[in-house]
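K.L.:
Sequence first, predicted model second:
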Amino acid sequence: MKNTRRADLVMGLLFVFLAIFWFVEAQSMVQVDAGLGPGDYPKVVAAGLFFFGLLLTISSLLAGLPKKEGVMDRKAALRLIVFVAATIAYVQLMKPLGFVLTTPFYLFFGIWFFGYRKYVIAAVCSVGMTAAIHVVFRMIFQVMLPELRLL
Amino acid sequence: MLEMLAYGFADCFRPAVFVLMFFGTFVGVIIGALPGMTGSMGIILLLPLAYHLEPHTALIMLSGVFCGSMMGGSVAAILLSTPGTPSAGATMLDGYPLCQQGRAGKAIGIATVASFCGGMVSTTCLILIAPQLAKIALQFRAADYFSLSIFGLAVIASASGRNILKGLIAGCFGLLVSTVGIDVILGTPRYTFGNYYLMGGLGLLPVLIGAFAMAQVFSEVGNPPREADLIEQKITDVLPTWIEIKGIALSMVVGSLIGVFIGIVPGTGGGVACFMAYNVMQKFSKNGDRFGSGVLEGVAAPESANNGSTGGDMIPMLTLGVPGDSITAVMLGALTLIGIRPGPLLFTETPRIVYAIFAGWILIQFVMLGLGFLSAKFAPYVLRISPRMLLPLVSVFCIVGAYTLSNSLFDVLVAVVFGVIGFFMRKYGYPVAPLVLGVILGPMAESNLNRAMLNSNNDVMVLLQRPFSAVFLILSVISIAVPVINSYRAKRRLATR
């Protein structure tokens, strides 16, 4: 089993802080006399998260932290950042440029990024799949996907 | 009951419903056959379509994906020695040796017949047991429902990973996420930070799409998948002979019954059922010593078990609204989205939907039987589709799916964010199913706790005074304590050695 104690410590602390934040925010919400107020249930849940997060933190500290922990290699992290950034950029560009214009480029980039090197097939598939998705959603489900806006 | 079932069949034979049932099962078989793609992902990818259908049509289509993916998983296990889904893990043990002997067609044929048998047995149990359990569940009150939500979360947290603590954290995180947006009781905005888009809360569909499907795509980014390594052979001789069917009959019956039992037990599913059935048959079959070298019984037992678990899985989900594993958690999310609230009231208020599901479930087994035999012809082509081309396509489907619910790009960004969260959860051993279940059960738990508190003048002890509620809370403690104690004992045993 992969050793993730260092990551467990970080995640445990992260959950503890998140729970504290959630609890403090809930304190400022309206209080009621009978039943649950808007902040009561979040407080119960935050208390649970705090308890389990603290347990994870303490257990990873008690187990002893390894000197070095190969949690995620640099290359894989960089690839993930690039792909997520490309996805966010695609979503943002879809609003002004529309689904039909942006999707073939995103698909082609994705296919290349995952290591497929037959460019003609990749280009044909990118355009073909975009057209197919557009037709299915527009004609059958009548969902308006974002379209190119000139103004 | 028979009259309602007849109405159910009439609903299912409407052309649109039948076509979509066929389509769902076909998609399920394809998705199941593709390594790395699971039934949960198939259901999520079809949710945008399901959202535009009548509830029972959508549910029948998604049930087709569920059952089809169970069968489809065996095709990859036989042809590639890589189970398409975790539920086909044991099928690989004898399926791939059969493929190496040039008998891939026979292995697929046996897997199909066994899947059909398991599916039919589990459907019969679903039809017989679910209405009875729903009758008992009708006596539940608010406190019972709250404790049931806790039980559902405890069970799925304790069963969905090696580290229960991480499962519980994931469940609490899901409950936390469900508190974002306008509160259901007084209408107060919570954790919206002045953002208009957060007023409606974080949508279930974007969270589902992100945590399950996008996270899967992101996990493949670091290590791009390899092309499938298919053994080139002409797949023939798919239909099993009568003698072969007689030879595997016992395996199918035992496997189906194990599957149903395992399916009903919350927190387990096809993955456990297939290995259990395989081990039982290996011990008791006269060919037990040949298991692993390409025995037909070694394919029949796990395949009947994993399909046997499908109907069993649906029993607690439909009657109590509590899923037993990740795929039924996704199904529960899908039902919630298409406007069906699983639970005992489903059986009394909309019995027609329930019996349409039952009838659909029977028909799906026949569709699956036909598709299973045909899959021997089309599966090799499907398995040649490069995953490198498929993953970006899945990513686009996720984005379009998240967008279609409310035509909002904000929902798409939520899906991407939950994709990243899901990626890190997988990477560091946090199960995703409790997170999703927390998001689904959160509002139900809150409103029922509120009602219980109102009825009891804020006396928390009501949760222990109601017998059903007390039983669920005790079971929650047991379901967490037992694996913890077992793991502690195992560690001590290891230390003393």
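P.N.:
Right, received. Where do you want to start?
K.L.:
List of residues touching the strand or helix carrying residue B:221?
P.N.:
Using DSSP states H and E, residue B:221 sits within helix B:215-222. With Cβ atoms under 8 Å, 6 or more residues apart in numbering or on different chains as the test, helix B:215-222 has contacts from A:72-73, A:75-77, A:79-80, A:83-84, A:113-114, B:36-38, B:41, B:387, B:391-392, B:394-395, B:398, B:418-423, B:425-427, B:432. Just so you know, the C-beta spots here come from the backbone N, C-alpha and C atoms, and that holds for glycine as well.
K.L.:
any low-confidence regions in chain A?
P.N.:
Flagging of chain A using pLDDT under 70 yields the residue ranges A:1-3, A:66-72, A:150-151.
K.L.:
In it, which residue sits closest to chain B?
P.N.:
residue A:110 (2.5 Å; Cβ to the nearest Cβ).
K.L.:
Which residue, neighbours along the chain excluded, lies closest to that residue?
P.N.:
Once flanking residues are discounted, residue A:110 sits nearest to residue B:392: 2.5 Å by Cβ to Cβ, 6 or more residues apart in numbering or on different chains.
K.L.:
And the helices in the stretch 351-497 of chain B?
P.N.:
For the stretch 351-497 of chain B, the helices defined by DSSP state H, counting those that start in this stretch cover B:351-383, B:387-404, B:409-427, B:433-455, B:462-465, B:467-496.
K.L.:
Break down chain A into its helices, ranges please.
P.N.:
A:5-27, A:40-62, A:74-97, A:99-113, A:119-135 (DSSP state H).
K.L.:
export those to JSON lines and tack on mean neighbour count?
P.N.:
Shown next, in JSON lines, are these (neighbours: other Cβ atoms under 10 Å in any protein chain shown):
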{"stretch": "helix A:5-27", "mean neighbour count": "17"}
{"stretch": "helix A:40-62", "mean neighbour count": "19"}
{"stretch": "helix A:74-97", "mean neighbour count": "16"}
{"stretch": "helix A:99-113", "mean neighbour count": "20"}
{"stretch": "helix A:119-135", "mean neighbour count": "15"}
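K.L.:
which SSE is the residue nearest in space to the middle of chain B in?
P.N.:
Nearest residue to the geometric centre of chain B (Cα atoms, centre = their mean): residue B:327, 1.9 Å. Under the criterion of DSSP H and E, residue B:327 resides in helix B:326-337.
K.L.:
That helix and chain A in contact?
P.N.:
No. Shown here: helix B:326-337 not in contact with chain A (Cβ under 8 Å from any Cβ of the partner chain), separated by at least 14.6 Å.
K.L.:
mind giving me JSON lines with the helices of the stretch 351-497 of chain B and columns for mean neighbour count and mean pLDDT?
P.N.:
As requested, the helices of the stretch 351-497 of chain B are exported to JSON lines (neighbours: other Cβ atoms under 10 Å in any protein chain shown; pLDDT from 0 to 100):
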{"stretch": "helix B:351-383", "mean neighbour count": "21", "mean pLDDT": "88"}
{"stretch": "helix B:387-404", "mean neighbour count": "24", "mean pLDDT": "88"}
{"stretch": "helix B:409-427", "mean neighbour count": "22", "mean pLDDT": "93"}
{"stretch": "helix B:433-455", "mean neighbour count": "24", "mean pLDDT": "89"}
{"stretch": "helix B:462-465", "mean neighbour count": "16", "mean pLDDT": "91"}
{"stretch": "helix B:467-496", "mean neighbour count": "14", "mean pLDDT": "87"}
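K.L.:
picking that back up, specify the angle between the helix holding residue B:327 and helix B:433-455 in degrees.
P.N.:
50 degrees (axes from the mean of the first three to the mean of the last three Cα atoms, to 10 degrees).
K.L.:
Tell me the first helix or strand C-terminal of helix B:326-337.
P.N.:
Counting by DSSP H and E, what follows helix B:326-337 is helix B:344-349.
K.L.:
Now do that next one: which elements does it pack against?
P.N.:
Packing partners of helix B:344-349 (3 or more Cβ pairs under 8 Å, 6 or more residues apart in numbering or on different chains; DSSP states H and E): helix B:104-137, helix B:296-320, helix B:351-383.
K.L.:
and that helix, what's its mean pLDDT?
P.N.:
The predicted model assigns helix B:344-349 a mean pLDDT of 85.
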